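[1] Predicted structure and sequence below. I'll ask about it afterward.
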Amino acid sequence: MRKFRSVFAHLSIIFSGVFITLTILNQYNPTMGFLTSKTSGIFILLFCLCVLTLAVATIADNRHYAKHMHQRAEEAARWKKISSNNQRPPQREEQE
Amino acid sequence: MQHKKPLPGILVILLDLLGIGAALGIFYLFTFVIQPGDHQPLKSIMATVTQSPTPTPAQTTPAATATLVVNTPTPTPSPTPAPGDFSATFPTGTLDTTGSVGSYADDNLRIVITEHHTDYAVYYVADVWVRNIQSFQTAFANGKFRGGYAMPSDTASKVGAILAITGDSCGSSNEGIVIRNGDLYRDTVADDVCILYQDGTMESYYEADFNLDAAVARGAYQGWSFGPKLIDNGAIPENYNSTDVIIKDRAPRSAIGYYEPGHYCLVSVDGRQGSYSEGMSLNELSQAMIDLGCKDAYNLDGGQSSMLVFQGDIIGKPYKGGRSVSDIICFGGNA
């Protein structure tokens, strides 16, 4: 997942760089159609797909991380409760 | 699990920049080099008007160019001249070449080029009279719409033009009205538009005001989409339909002006050349066109593209020697 996100992050940077350049060029010569050509349209679509994929992957990863942290917090709370009751932590064999 | 050592940060940045460069290269390739095959006109607008005979290139002899004072026979004007026939107003007799840097006259075309100076710019004005609308031509680089790019001087030479100026760079954009020699090539409105009608009148329109169907019905002969419009009701427009950079910066410019049917001017402003000539802002260009007496005027492709060609010679000093463009406006050729 990390590699997947990294690839799309770099693609997003590349497309951002392209569109920053095209926007500047468009200021100097709007008639060249830097932002209105068919190729620009395709690039915008690819840019959107990259950003969308990156965003979905990031949100999914964040949720996964949050879920993991929540589980760890719950486990820690359970251990804290056990400790406060001055009980020996249950052993794995005992649980089974 | 063994983790790979990450690349140095500077290398990652460089690789991203390389990626941006590669993507821009792909963009340039697909936008400006590999042109789609829409070379054919969408429709012909010419059929509606009866044309009088057009001079062939063979009729415009070099001998006519050699003499600055030319006596041309005065044809008897028709009582009701056909649209596009300006015989009634076409000047005859001696060509006034006082202070000119070039001139030409034959039975169908009269050109006088003069050099003008301001504190900040040097510019050239080609005053043009045509007897027939068909002497007012346009030509694409390599002979076809979106057929690539060529130096204006090369395109002018190919079509045998006496006088030529850079057009509206229609091949480098995917939008904008393109009407050439009576054929409609593109029908999308993207900028201010300038239309030369078959009756010789030339009108420029703000993008929002232009109606293609009306222009076609009226007999559009040439149509350019670059702009902006330079004269609004005889005055400098309050707002130009362009960006601040283009409006305010002094730069090389090309423009076309209209006096009356059959009488036009082409203006080429040298610029970006320090003390020789800075160029003009659009305000200054508008004022220059008004001072020339134009009723209407329209800005064409400028900057490094700006080039005026007369009998194969480049007039003035184009910025960095000029560059290849997709189309020209020309007189006296066989485009």
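    Cool, got the structure. Residues are numbered from 1 along each chain as shown, chains lettered A, B, ... in the order given.
[2] Can you check my assumption that A:Ile82 lies in a strand?
    No. Under DSSP: H, G, I helix; E, B strand; the rest coil, A:Ile82 sits outside any strand and is assigned helix.
[3] confidence score at the residue nearest in space to the middle of chain A?
    By Cα atoms, centre = their mean, chain A has its centre lying nearest to A:Thr58, at 1.6 Å. Confidence at A:Thr58, expressed as pLDDT, is 91.
[4] dump the residue contacts of it.
    The neighbourhood of A:Thr58, defined by Cβ atoms under 8 Å, 6 or more residues apart in numbering or on different chains, consists of A:Arg5. To be clear about C-beta, it is placed using only N, CA and C from the backbone, and glycine gets the same treatment.
[5] Apply 10 Å and report the result again.
    A:Met1, A:Arg5, A:Phe8, A:Ala9 (Cβ atoms under 10 Å, 6 or more residues apart in numbering or on different chains).
[6] again with B:Tyr276
    B:Ala121, B:Val122, B:Asp270, B:Gly316, B:Lys317.
[7] let's go with 8 Å and repeat that
    B:Val122, B:Asp270, B:Lys317.
[8] how about these in CSV, adding secondary structure?
    Below are those laid out as CSV (three-state DSSP):
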residue, secondary structure
B:Val122, strand
B:Asp270, coil
B:Lys317, coil
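[9] any chance of those in CSV, with neighbour count, pLDDT and distance to chain A too?
    CSV is the format used below for those (neighbours: other Cβ atoms under 10 Å in any protein chain shown; pLDDT from 0 to 100; distance: Cβ to the nearest Cβ, whole Å):
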residue, neighbour count, pLDDT, distance to chain A
B:Val122, 19, 96, 23
B:Asp270, 24, 97, 19
B:Lys317, 16, 95, 21
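[10] if we can go back for a sec, okay, and the residue nearest to the centre of chain A sits in which element?
    Using DSSP states H and E, A:Thr58 sits within helix A:38-84.
[11] How much space separates the residue nearest to the centre of chain A from chain B?
    Relative to chain B, A:Thr58 is positioned 18 Å away (Cβ to the nearest Cβ, to the nearest Å).
[12] Looks to me like B:Cys194 is in a strand.
    Yes. According to three-state DSSP, the state of B:Cys194 is that of a strand.
[13] Tell me, how many residues neighbour it?
    Counted with other Cβ atoms under 10 Å in any protein chain shown, residues neighbouring B:Cys194 total 30.
[14] cool, B:Leu14 as well?
    The tally of other residues near B:Leu14 (other Cβ under 10 Å) stands at 12.
[15] before we move on, what about B:Gln273?
    Neighbour number of B:Gln273 under other Cβ under 10 Å is 17.
[16] Likewise for B:Asp209?
    By other Cβ under 10 Å, the residues close to B:Asp209 number 11.
[17] gap between it and B:Asp106?
    Separation of B:Asp209 from B:Asp106 (Cβ to Cβ, to the nearest Å): 38 Å.
[18] Of all residues in chain B, which one is nearest the centre?
    Geometric middle of chain B (Cα atoms, centre = their mean) lands on B:Gly167, at 2.9 Å.
[19] ok, and the closest non-adjacent residue to that one?
    Nearest residue to B:Gly167 in three dimensions, chain neighbours excluded: B:Asp327, at 3.7 Å (Cβ to Cβ, 6 or more residues apart in numbering or on different chains).
[20] What residues are bridge-paired with that neighbour?
    Following DSSP bridges, B:Asp327 is listed with bridge partners B:Phe140.
[21] ok, back up a step: chain center to the helix holding A:Thr58: distance?
    In terms of Cα atoms, centre = their mean, to the nearest Å, the centre of helix A:38-84 is found 6 Å from the chain centre.
[22] do stretch A:20-31 as well
    Put simply, stretch A:20-31 sits 30 Å off its chain's centre (Cα atoms, centre = their mean).
[23] Helix or strand: which one has residue 15?
    Because you didn't say which chain, this covers chain A. Secondary structure assigned from DSSP H and E places A:Phe15 in helix A:2-28.
[24] You answered for a different chain; I wanted chain B.
    Going by DSSP H and E, B:Leu15 is in helix B:9-28.
[25] Can you give the contact residues for the following helix or strand past that helix?
    For helix B:9-28, the succeeding helix or strand toward the C-terminus, using DSSP H and E, is strand B:43-44. Where contact means Cβ under 8 Å, 6+ apart, the residues beyond strand B:43-44 that reach it are B:Gly182, B:Asp183, B:Leu184.
[26] ok, and the most crowded of the residues you listed?
    Taking other Cβ under 10 Å as the neighbour criterion, B:Gly182 ranks highest of the contacts of strand B:43-44 with 21 neighbours.
[27] Before we move on, what's the pLDDT of that residue?
    Turning to B:Gly182, the model gives it a pLDDT of 93.
[28] and it, what does it touch?
    Applying Cβ under 8 Å, 6+ apart, we find B:Gly182 in contact with B:Ser44, B:Ile45, B:Met46, B:Gln198, B:Tyr221.
[29] on that earlier part again, so the helix holding A:Thr58 versus helix A:2-28, what angle?
    Interaxial angle, helix A:38-84 versus helix A:2-28 (axes from the mean of the first three to the mean of the last three Cα atoms, to 10 degrees): 140 degrees.
[30] which one is the residue in the stretch 51-200 of chain B positioned nearest to chain A nearest to, not counting chain neighbours?
    Minimum separation of the stretch 51-200 of chain B from chain A (Cβ to the nearest Cβ) falls at B:Ser173, amounting to 3.8 Å. Spatially, and ignoring its direct neighbours in sequence, B:Ser173 is nearest to A:Gly33 (3.8 Å; Cβ to Cβ, 6+ apart).
[31] Need the pLDDT of the one you found.
    77.
[32] Likewise for the one 4 residues further on?
    Listed pLDDT for A:Ser37 reads 82.
[33] Ok, A:Arg2 next?
    pLDDT recorded at A:Arg2 is 79.
[34] mind checking how far the closest residue to A:Ala57 other than its chain neighbours is from chain B?
    Ranked by Cβ to Cβ, 6+ apart and with sequence neighbours excluded, the top spatial neighbour of A:Ala57 is A:Arg5, at 4.9 Å. Going from A:Arg5 to chain B by Cβ to the nearest Cβ gives 14 Å.
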